[in-house]
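Asker: Pasting a predicted model and its sequence here:
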There are 2 protein chains.
Amino acid sequence: MTTTLETPAPSRILIDGRPGDRLSVLDRALHYGDGLFETIRLAAGAPCQWQRHMDRLILGAERLGIESPETALLAAEAAELIDGQGEGVLKLILSRGDGGRGYAPPPSAPPRRLLLIYPLPPAQGPDWRRGVVVRHCQTPVSINPLLAGIKHLNRLDSVLARAEWKDPAIAEGLMFDANGDLVGGTMTNVFLWDGRCLMTPPVDRSGIAGTVRGLTLELAAHLGIECLVMRLDRAALDQACGLFLTNSIIGVWPVRALEGRRFDLALLPWDLLDRLYQAACTPG
Amino acid sequence: MTTTLETPAPSRILIDGRPGDRLSVLDRALHYGDGLFETIRLAAGAPCQWQRHMDRLILGAERLGIESPETALLAAEAAELIDGQGEGVLKLILSRGDGGRGYAPPPSAPPRRLLLIYPLPPAQGPDWRRGVVVRHCQTPVSINPLLAGIKHLNRLDSVLARAEWKDPAIAEGLMFDANGDLVGGTMTNVFLWDGRCLMTPPVDRSGIAGTVRGLTLELAAHLGIECLVMRLDRAALDQACGLFLTNSIIGVWPVRALEGRRFDLALLPWDLLDRLYQAACTPG
């Protein structure tokens, strides 16, 4: 199972509603990472978990003081771009727009919308149940309570963590902050399982409130599985009898091995995982 | 004295050596803030402190695993762009270049060079000696030892801090990390003065190793003024009898008032400050 999510160029692009592949060098996303993004799975020609992505985008815009996105317009542009595309990935970037030199946001710049369609990575098939191999990363996650949770464009920590390995057999790397607290994978949220109860790190100082993380918390509650949102360190990882990773493109990845330690996948709460995969990867 | 550094559009731009004002939507600086920048003062048609800027850029490229910039090429492009421009600001962005979707850096993308010339902000005249008014910011600085010190493009913390005020009478805001440690201004390094000795925060967890910060440490040593690089908190600020700010465009700003507290500027080490301004704002 090849698990890299690296994919080639996008097949279709809209910039502020118009086809194109170039944008202004004055864009503040380029100068400061001043913006937000969403990465949305497409299935049967429609986006999955659209409302969760829009909710997080709106929250992020509030946090950054960017004009709230018109979600109906985004939906219309997404539909136009997706047209005829069965499976794939829609990446949506909301930048603060153009600006002069200096950090101060311009008084009334309209945000810029970028929508890009990429092919679905090859690994996202039914063999997700076989699990993935995961490692630890040395790169610390940035700590900033004001930026935690939202999906902003300041992603150098994930970039440097993901650059730590090239072996395609390793699907993901776990990241910790400078205090030693577990935060998640470079592109995923993490859930530990102790045989009775789930645990996942809070996203109040670092990390992203993933859409499938939210779905997991809801589905677990629905199934009567306790899930604790709590600080977790290396020792907590050592004590877990299993773990799995979530994001909007993969849905859910059970972890088969971590740094040489192998896990018995049969111990995981499969009822939850199956529902999770189904919900994450179905349009709606 | 109007102290805003917000300036209008750049007058001249080179992208990978060619005039232009648009770039690829696949640029990783846009997607992840995956790159570095330098902001260089121009005087008498030449860059100030060029070597210090290049040294930091090279260090940053090493840290991010970006191909080291060809500084001779950058110098030649800068000279071409500056041609005939007496005063101004040269902003140089080194992006990792284009990439596919996903955090993993592409195997061998050549970095992209962006050079932009902006007018010098109006405030940078001889009245710098009158000092500036400064406030505290609520926005925390991001903590990440691996990203500290270098001038990377993940600057949302400074953007949000600078968005906290619009009053043009306030020149700068001081920022702290989530532990309460003083880091610097939104766009400056900070030095406290207790009447005998300078103190400035380390840049090992947050902050940028400013070119004029480096110059200050060297000039202070040359003048026999002790300068301690140490963690500083709000209490240290309260105990200081004066402070000043540095960056490559302003050179040095003595602080006249901070959150209502007024400082006697006469107490500052003016010999150092005058030499600092001179060195920071003179080509070479």
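Answerer: Everything's here; your move.
Asker: Please count neighbours and contacts with C-alpha atoms only from this point.
Answerer: Will do.
Asker: hang on, A:E218 is in a strand, isn't it?
Answerer: No - going by DSSP: H, G, I helix; E, B strand; the rest coil, the assignment for A:E218 is helix, not a strand.
Asker: Number of residues surrounding it?
Answerer: 15 (other C-alpha atoms under 10 Å in any protein chain shown).
Asker: ditto for A:E38
Answerer: So A:E38, with other C-alpha under 10 Å, has 23 neighbours.
Asker: just the one 5 residues further on next, same as before
Answerer: In terms of burial, A:A43 registers 18 neighbours under the definition other C-alpha under 10 Å.
Asker: how close does it get to chain B?
Answerer: Going from A:A43 to chain B by C-alpha to the nearest C-alpha, to the nearest Å gives 18 Å.
Asker: Over to A:L64?
Answerer: Taken as C-alpha to the nearest C-alpha, the span from A:L64 to chain B is 7 Å.
Asker: Which residue is the nearest non-sequential neighbour of that residue?
Answerer: B:L160 (6.8 Å; C-alpha to C-alpha, 6 or more residues apart in numbering or on different chains).
Asker: my guess is that neighbour meets B:C137, correct?
Answerer: No - using C-alpha atoms under 8 Å, B:L160 makes no contact with B:C137, being 9.2 Å away.
Asker: of these two, who's got more company?
Answerer: Set side by side, B:L160 and B:C137 show more neighbours around B:L160, with 25 against 21, by other C-alpha under 10 Å.
Asker: Could you tell me how many residues sit around A:A266?
Answerer: A:A266: 8 surrounding residues under other C-alpha under 10 Å.
Asker: That one belongs to a helix, doesn't it?
Answerer: Yes - if the criterion is three-state DSSP, then A:A266 is within a helix.
Asker: give me every residue that touches it.
Answerer: The contact partners of A:A266, by C-alpha atoms under 8 Å, 6 or more residues apart in numbering or on different chains, come to none.
Asker: Same check on A:E226?
Answerer: Listed by C-alpha under 8 Å, 6+ apart, the contact set of A:E226 reads A:R196, A:C197, A:L198, A:A220.
Asker: thinking again about what came up before, contacts for the helix or strand encompassing the residue nearest to A:L64 next, please.
Answerer: Element membership for B:L160 (DSSP states H and E) is helix B:156-162. Contacting residues not belonging to helix B:156-162 are listed as A:32-34, A:64, A:103-105, A:147, A:154, B:137-142, B:172-173, B:175, B:186-187 [C-alpha under 8 Å, 6+ apart].
Asker: residue ranges for the strands of the stretch 101-250 of chain A, please.
Answerer: A:112-118, A:132-136, A:170-176, A:182-185, A:189-193, A:197-200, A:226-229, A:242-247 (DSSP state E, counting those that start in this stretch).
Asker: can you list those strands in a markdown table and add mean pLDDT and distance to A:K91?
Answerer: Output for these, formatted as a markdown table (pLDDT from 0 to 100; distance: least, C-alpha to C-alpha, whole Å):
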| stretch | mean pLDDT | distance to A:K91 |
| --- | --- | --- |
| strand A:112-118 | 97 | 5 |
| strand A:132-136 | 97 | 24 |
| strand A:170-176 | 97 | 20 |
| strand A:182-185 | 98 | 19 |
| strand A:189-193 | 98 | 18 |
| strand A:197-200 | 98 | 26 |
| strand A:226-229 | 98 | 28 |
| strand A:242-247 | 98 | 14 |
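Asker: could you dump those strands to a markdown table with distance to A:G284?
Answerer: Shown next, in a markdown table, are the strands of the stretch 101-250 of chain A (distance: least, C-alpha to C-alpha, whole Å):
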| stretch | distance to A:G284 |
| --- | --- |
| strand A:112-118 | 18 |
| strand A:132-136 | 27 |
| strand A:170-176 | 27 |
| strand A:182-185 | 26 |
| strand A:189-193 | 21 |
| strand A:197-200 | 25 |
| strand A:226-229 | 25 |
| strand A:242-247 | 16 |
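Asker: Using CSV, write down the CA coordinates of the lengthiest helix in chain A.
Answerer: Criterion DSSP state H: the longest helix present in chain A is helix A:50-64. Provided in CSV are the C-alpha atoms of helix A:50-64 (Å, rounded to 0.1, in the frame of the first residue of the first chain):
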residue,chain,number,x,y,z
TRP,A,50,-18.9,20.1,3.2
GLN,A,51,-20.6,21.8,6.2
ARG,A,52,-17.8,20.9,8.6
HIS,A,53,-15.3,22.3,6.3
MET,A,54,-17.3,25.5,5.9
ASP,A,55,-17.8,25.8,9.7
ARG,A,56,-14.0,25.6,10.3
LEU,A,57,-13.3,28.0,7.5
ILE,A,58,-15.7,30.6,9.0
LEU,A,59,-14.2,30.1,12.5
GLY,A,60,-10.7,30.6,11.0
ALA,A,61,-11.8,33.7,9.2
GLU,A,62,-13.2,35.1,12.4
ARG,A,63,-9.9,34.3,14.3
LEU,A,64,-7.8,36.0,11.6
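Asker: Close to chain B: what parts of the stretch 51-200 of chain A are there?
Answerer: Contact residues, the stretch 51-200 of chain A versus chain B (C-alpha under 8 Å from any C-alpha of the partner chain): A:64, A:93, A:99-105, A:118, A:139-147, A:153-160, A:162-163, A:177-178, A:186-187.
Asker: Of the strands of the stretch 101-250 of chain A, flag the one that's most buried.
Answerer: Of the strands of the stretch 101-250 of chain A, the one with the most neighbours on average (mean count of other C-alpha atoms under 10 Å in any protein chain shown) is strand A:182-185, at a mean of 26.
Asker: how about low-confidence regions in the stretch 1-150 of chain A?
Answerer: A:1-7, A:123-126 (pLDDT under 70).
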